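**Q** Dropping the sequence and predicted coords here.
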Amino acid sequence: MLTGRTVLRFEAERLIEPGPKPGTTIDGVEARGKYLLVRFGDGLTLETHMKMTGSWHIYRRGERWRRSPRSARAVIETDNGWIAVCFSAPHVKLRRTAGGPAHLGPDLCAPEPDLAEAVRRFSQRGGDEPVVEALLDQRICCGVGNVYKSEVLFACGLHPLTPLRSVPEELRGRLVATAHRLLRQNLGAGPRVTVSGTGRGGAAGLAVYGRRGLPCPSCDTPIDYGVHGQHARSSYWCPRCQPAPNTPATLRSS
């Protein structure tokens with residue numbers, strides 16, 4: 001819909017740098033994890049990350065937008081009568097890079113991501129950093145969000161606050177391989193499923209995320225909950241299957 005089309009209008013009021021000019025061709029649109037990249041023929045790339053609030057909408061010219069224009073972070077109008085609007089994305093940047101944003105890690109939603117590269121990027125991080133923060137870092141690997149972070153750590157038997165120095169390379173490999181498997185098997189529509197049952201005869205679904213106080217699907221221990229980091233991200237884990245490490249760091253309950 002956008003690829004190969006010509007830009008008639010580009011607006012992104014919060015950006016300091018100038019965007020693509022009218023007449024510029026859109027070379028491609030690529031999803032990498034939760035990033036959406038729009039590549040232009042003049043060498044610019046619009047990089048947006050949705051996080052918890054952002055979304056892209058596509059409208060016909062003249063069609064009423066379903067969200068307020070005040071929340072539009074980027075607008076691209078093309079010569080085929082379509083307008084793409086990015087609403088409320090916290091991360092909107094223009095980059096001039098020949099091969100795309102090199103700071104992003106392999107996309108674990110892709111069919112065959114470079115898992116070895118993701119493991120290598122894990123190894124470059126500080127040893128005291130909690131594994132929960134590293135797993136969410138899109139510079140290591142793209143695609144893991146708040147839900148799958150908890151699910152992957154449960155599947156690998158790691159407490160969220162386990163420091164990276166305590167996670168051997170083999171286990172780091174299991175982390176990214178498990179994340180890749182769970183993301184790929186949940187790409188379609190419908191409820192997210194990471195386990196065949198959720199404890200005491202429960203139905204298939206998520207193992208720990210959103211299940212505070214409910215039984216662990218492996219041992220029936222009540223699922224625990226806490227928040228971490230400056231953005232107060234929520235984490236869920238089984239205290240028995242994912243024993244807490246010996247670390248002064250804590251997860252705040254709420």
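**A** Cool, the structure landed. A quick note: this is a predicted structure, and the numbers were derived from the prediction, not measured. Numbering: from 1, shown residues only.
**Q** Could I get the full set of strands for the stretch 101-250 of the chain?
**A** Using DSSP state E, counting those that start in this stretch, the strands assigned to the stretch 101-250 of the chain run over residues 224-228, 233-237.
**Q** What separation is there between P222 and P243?
**A** To P243, P222 is 15 Å away according to C-beta to C-beta, to the nearest Å. Where you see a C-beta, it was placed from the backbone N, CA and C, and this is true even at glycine.
**Q** no wait, L161
**A** Distance, L161 to P243, by C-beta to C-beta: 11 Å.
**Q** Neighbour count for these two, which is higher?
**A** More crowded of L161 and P243, by other C-beta atoms under 10 Å: L161, with 22 against 13.
**Q** okay but that one is in contact with N246, surely?
**A** No - assessed by C-beta atoms under 8 Å, L161 is found out of contact with N246, at 10.1 Å.
**Q** Now for the nearest residue to G127 once chain neighbours are set aside, how many residues are close by?
**A** Closest residue to G127 in three dimensions, ignoring its sequence neighbours and counting by C-beta to C-beta, 6 or more residues apart in numbering: R165, at 3.3 Å. If you count neighbours by other C-beta under 10 Å, R165 ends up with 11.
**Q** how far away is R165 from A134?
**A** Separation of R165 from A134 (C-beta to C-beta) stands at 11 Å.
**Q** same deal with K21?
**A** From K21 across to A134, the span is 40 Å (C-beta to C-beta).
**Q** Which one's more surrounded, those two?
**A** A134 (22 against 11).
**Q** what residues are up against that one?
**A** By C-beta atoms under 8 Å, 6 or more residues apart in numbering, A134 lies in contact with F122, R125, I140, L164.
**Q** neighbours of the first one, just the number please.
**A** Around F122 there are 24 other residues, counting by other C-beta under 10 Å.
**Q** need the contact list for it.
**A** So F122 contacts A134, I140, L164, V167, R172, L175, V176 (C-beta under 8 Å, 6+ apart).
**Q** Find the pair from the residues you listed with maximum spatial separation.
**A** Comparing every pair within the contacts of F122 by C-beta to C-beta identifies L164 and V176 as the most remote, at 13.2 Å.
**Q** isn't A12 right up against V75?
**A** Yes - in this structure, A12 is within contact of V75 by C-beta under 8 Å, at 7.4 Å.
**Q** Can you mark which positions in stretch 211-231 are buried?
**A** Residues R211, L214, P215, C216, P217, I223, D224, Y225, G226, H228 are the ones in stretch 211-231 that count as buried (16 or more other C-beta atoms under 10 Å).
**Q** Using a markdown table, please lay out those residues together with distance to S71 and pLDDT.
**A** Converted to a markdown table, the buried residues of stretch 211-231 look like this (distance: C-beta to C-beta, whole Å; pLDDT from 0 to 100):
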| residue | distance to S71 | pLDDT |
| --- | --- | --- |
| R211 | 32 | 93 |
| L214 | 36 | 93 |
| P215 | 41 | 93 |
| C216 | 40 | 94 |
| P217 | 39 | 92 |
| I223 | 35 | 95 |
| D224 | 36 | 95 |
| Y225 | 31 | 93 |
| G226 | 31 | 89 |
| H228 | 28 | 76 |
